[in-house]
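Novice: What shape does this take:
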Amino acid sequence: MSGRGAARVRELPRVGAVPRATWDAVVGPEATPFESHGFLTALEDSGAVGAGTGWAPRVLVAEAGADVVGAA
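Specialist: Next comes the predicted model:
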């Protein structure tokens with residue numbers, strides 16, 4: 001992050017709160033299908049994760065200015 005300044009980290013309640021193109025660009029072309037926005041939002045949208053399932057998604061997004069530079 002040289003020259004960009006400090007990153008800010010935000011917590012979001014779901015992967016679906018991040019635009020698909022942004023998420024997929026951050027995880028990169030070598031990500032597994034299980035890291036893709038489509039797969040993770042399908043879990044959220046279908047109710048396979050969330051209230052009552054024992055797994056509550058929490059997403060961390062690192063931003064440098066207006067750019068998303070990391071996600072987990």
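Novice: Can you find the helix or strand in this protein with the smallest mean pLDDT?
Specialist: Least confident helix or strand of the chain, by mean pLDDT, DSSP states H and E, is strand 67-71 with a mean of 91.
Novice: Buried ones in it, by neighbour count?
Specialist: Within strand 67-71, the residues that qualify as buried are Val68, Ala71, counting by 16 or more other CB atoms under 10 Å. C-beta here means a position set from N, CA and C on the backbone, and glycine is covered the same way.
Novice: Strand partners (parallel or antiparallel) of it?
Specialist: Strand 67-71 pairs in its sheet with strand 59-64 (antiparallel), by DSSP bridges.
Novice: what separates the partner strand from the chain centre, distance-wise?
Specialist: Put simply, strand 59-64 sits 8 Å off its chain's centre (CA atoms, centre = their mean, to the nearest Å).
Novice: and that strand, average pLDDT?
Specialist: Strand 59-64 shows a mean pLDDT of 94.
Novice: buried residues in that strand?
Specialist: Buried residues in strand 59-64, counted by 16+ other CB under 10 Å: Val59, Val61, Ala62.
Novice: What are the contacting residues of it?
Specialist: Residues outside strand 59-64 that contact it (CB atoms under 8 Å, 6 or more residues apart in numbering): 1, 4-15, 17-18, 68-72.
Novice: among the residues you listed, which ones are buried?
Specialist: The neighbour-count test (16+ other CB under 10 Å) marks Arg14, Val15, Val18, Val68, Ala71 as buried among those.
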